[in-house]
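J.: Turn this into a model:
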Amino acid sequence: MARRVYQVWKGNNRFFLGGRLMFGPDIRSLFITIFLIVTPVVFFCIYVVRHLLHKFPGYDSGYAILVVAIVYTFYVLVLLFLTSARDPGIVPRAPHPPEPEDIPEATVVAEGGGQTPRLRFPRTKDVVVNGVLVKIKYCDTCMIYRPPRCSHCSICDNCVERFDHHCPWVGQCIGKRNYIFFFMFVSSATLLCIYVFAMSALYIKFLMNDDDKTVWGAMKQSPASVILMAYSFICVWFVGGLTVFHSYLISTNQTTYENFRYRSENRVNPYNLGAVRNFREILCTKIPASKTDFRAKVERDASRHVVDIPSNTDYQDDPGNFRTKIGADVETGGTSTGEHDMELESKDELQSQLKNGHDIGLDIKDGSQDAYQEAFTRALGMPLHVDASDTRSGAHPRQSSWGRKSESWEISPDLLAMDSAARESGRFNGRNIQPERVNK
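T.: Got it, this is the predicted structure:
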């Protein structure tokens, strides 16, 4: 049965209802936020609103306070859910690094030790946004050049468009597709705190008028009102401060990440279109569709053979790393799976011959070093590295592991012993096959 995208997702997100709901890795903090909202509202309805139901000229007009408290709290929770349970604007990962012909600036660097040259991509590229030159960076993890205003969240392990920040209170990244819900959530939570504070203070006022008590006397009669007022006062500084700060960010068309990172650089903001147009762009623009269909089916064979490309910009095609090369070829549409299976079978057959001490049939007509390398490469399926110093000097501690018999070459007992030790240590498991050097 074919698996779905959310089941093989490489980020740290948590999925529910078959990939329909997408949360961040710290989803448990969401329940703490819900508790901090619902609990004081329940106490407010029990210890304050219940006494205000009949305190107004219309006998039952006080029920409006109860209805507003319940409905508005539900509205705040819906905004919290819409912020936390959706794709914040994730940019899909690339299946492989960019092709060299697509990146003219890519360079080939050769490292010491005679290793295979590596392809190195430039860390940044320049793009023009509204007439201003902006640098975009290469993401090692996602293997893409991030679009402008995109950043990689280290908690969710995803690149997010118009990345603002990762909010621990909602357990999700805040980006292009959920920023409006986040702003509406914090602003609505601010109004809820003000509402609870005001109604609790109103109840204290009614107690003072009914019994001709002082403020302290009324507060002693209703300690729940005092606690709710103090709690609301503290919370309004938190969510109210966020509301004011994000209102400023919207008016200047900045993100939290940009504001903190580039504040000291006095850079020109290419995205600032004026306060009115900025608010219109953020609050009145249609939310774009997700770039990833998390419920789409993934081919079973592809999901089985796909391997992780190392998380750096250096891509090395190491012929010794046989199985990693197979996974990369399958992923990038290289050699067919059937050809890989044949190569694996030939390797298994060769290992069996080595184990049993059979002649592997390296037919060498001349005794040159190139002939040795070519014959061994045909048999093993990988290059044989021969040091010239080893073949010419008799002072090398190792003796010849090969013997001539009827113009063919066999594996001598000392090489078989070394082969057994190598197989026990995992050298012939397809990861790092390094043949023994040959001495003439």
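J.: Please make it C-alpha for all contacts and neighbour counts, starting now.
T.: Noted.
J.: Could I get the buried residue list for the longest helix along the chain?
T.: Counting residues, the longest helix in the chain under DSSP state H turns out to be helix 179-211. Neighbour counts over helix 179-211 (16 or more other Cα atoms under 10 Å) mark 179-197, 199-201, 203-208 as buried.
J.: average pLDDT across the following helix or strand past it?
T.: Along the chain past helix 179-211, the next helix or strand (assigned with DSSP states H and E) turns out to be helix 215-221. Average pLDDT, helix 215-221: 87.
J.: Okay, buried residues for the following helix or strand past helix 215-221 please.
T.: The C-terminal neighbour of helix 215-221 among helices and strands, as given by DSSP H and E, is helix 223-252. Buried residues in helix 223-252, counted by 16+ other Cα under 10 Å: 224-229, 232-233, 235-236, 239-240, 242-243, 246, 249-252.
J.: Mind listing the strands the longest strand anywhere in the chain pairs with, and their directions?
T.: As assigned by DSSP state E, the longest strand anywhere in the chain is strand 132-139. Under the criterion DSSP bridges, strand 132-139 sits next to strand 124-129 (antiparallel), strand 144-145 (antiparallel) in its sheet.
J.: just those strands: most buried one?
T.: Mean neighbour count (mean count of other Cα atoms under 10 Å) peaks for strand 144-145 among the strands paired with strand 132-139, with a mean of 20.
J.: Other residues contacting that strand?
T.: With Cα atoms under 8 Å, 6 or more residues apart in numbering as the test, strand 144-145 has contacts from 93-94, 97-98, 124-125, 136-139.
J.: what's the following helix or strand after it?
T.: Following strand 144-145 in sequence, per DSSP H and E, is strand 151-153.
J.: what sits up against that following strand?
T.: With Cα under 8 Å, 6+ apart, strand 151-153 has contacts from 139, 158-163, 166, 173.
J.: Swap in 7 Å and give it another go.
T.: Strand 151-153 is contacted from outside by 158-161, 163, using Cα atoms under 7 Å, 6 or more residues apart in numbering.
J.: Strand partners (parallel or antiparallel) of it?
T.: strand 158-160 (antiparallel).
J.: For Pro95, give me the pLDDT.
T.: 85.
J.: typo on my end, it should be Thr337
T.: Reported pLDDT for Thr337: 43.
J.: Make 379 the starting number, not 1.
T.: Done: numbering now begins at 379, and the last item shifts to Thr715.
J.: how about the strands paired with strand 510-517, which one is nearest Tyr437?
T.: Nearest to Tyr437, of all the strands paired with strand 510-517, is strand 502-507, at 61.6 Å by Cα to Cα.
J.: what does that closest one contact?
T.: 511-516, 648.
J.: could you dump those to CSV with distance to Ala674 and pLDDT?
T.: Below are the contacts of strand 502-507 laid out as CSV (distance: Cα to Cα, whole Å; pLDDT from 0 to 100):
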residue, distance to Ala674, pLDDT
Leu511, 37, 87
Val512, 34, 88
Lys513, 33, 88
Ile514, 30, 89
Lys515, 29, 91
Tyr516, 27, 90
Pro648, 36, 89
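J.: from those residues, which would you call buried?
T.: Buried among those (16+ other Cα under 10 Å): 512-516.
J.: Enumerate every residue touching the nearest residue to Ile405 once chain neighbours are set aside.
T.: Spatially, and ignoring its direct neighbours in sequence, Ile405 is nearest to Gly549 (5.0 Å; Cα to Cα, 6 or more residues apart in numbering). With contact set as Cα under 7 Å, 6+ apart, Gly549 has these partners: 401-405, 407-408, 462.
J.: And the contacts of stretch 586-596?
T.: Counting by Cα under 7 Å, 6+ apart, 582, 585 sit against stretch 586-596.
J.: scratch that, stretch 625-643 is what I was asking about
T.: Residues contacting stretch 625-643 (Cα under 7 Å, 6+ apart): 542-543, 649-650, 652-653, 656-657, 660.
J.: try 10 Å
T.: Identification of contacts with stretch 625-643 by Cα atoms under 10 Å, 6 or more residues apart in numbering yields 527, 529, 540-544, 552-553, 557, 561, 565, 619-624, 646-661.
J.: residues contacting the nearest residue to Phe560 once chain neighbours are set aside?
T.: In space, and not counting its chain neighbours, Phe560 is closest to Thr461: 5.6 Å by Cα to Cα, 6+ apart. Neighbour list for Thr461: 401, 455, 548-553, 555-563 [criterion: Cα under 10 Å, 6+ apart].
J.: could you redo the last one with a cut-off of 7 Å?
T.: 556, 559-560.
J.: now the helices for the stretch 379-528 of the chain?
T.: Using DSSP state H, counting those that start in this stretch, the helices of the stretch 379-528 of the chain run over residues 406-422, 428-430, 441-462.
J.: Extract the C-alpha trace of the last one and format it as PDB.
T.: Once non-C-alpha atoms are left out, helix 441-462 reads as follows in PDB (Å, rounded to 0.1, in the frame of the first residue of the first chain):
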ATOM      1  CA  TYR A 441     -27.200  37.100  30.500                       C
ATOM      2  CA  ALA A 442     -25.600  39.000  27.700                       C
ATOM      3  CA  ILE A 443     -22.400  39.200  29.700                       C
ATOM      4  CA  LEU A 444     -22.400  35.400  30.000                       C
ATOM      5  CA  VAL A 445     -23.100  34.900  26.300                       C
ATOM      6  CA  VAL A 446     -20.400  37.300  25.200                       C
ATOM      7  CA  ALA A 447     -17.800  35.700  27.500                       C
ATOM      8  CA  ILE A 448     -18.500  32.200  26.200                       C
ATOM      9  CA  VAL A 449     -18.800  33.100  22.500                       C
ATOM     10  CA  TYR A 450     -15.800  35.300  22.500                       C
ATOM     11  CA  THR A 451     -13.700  32.700  24.300                       C
ATOM     12  CA  PHE A 452     -14.700  30.100  21.700                       C
ATOM     13  CA  TYR A 453     -13.700  32.600  19.000                       C
ATOM     14  CA  VAL A 454     -10.200  33.100  20.500                       C
ATOM     15  CA  LEU A 455      -9.800  29.300  20.700                       C
ATOM     16  CA  VAL A 456     -10.700  28.900  17.000                       C
ATOM     17  CA  LEU A 457      -8.100  31.500  16.100                       C
ATOM     18  CA  LEU A 458      -5.500  29.600  18.200                       C
ATOM     19  CA  PHE A 459      -6.400  26.400  16.400                       C
ATOM     20  CA  LEU A 460      -6.200  28.000  12.900                       C
ATOM     21  CA  THR A 461      -2.800  29.400  13.900                       C
ATOM     22  CA  SER A 462      -1.400  26.100  15.200                       C
END
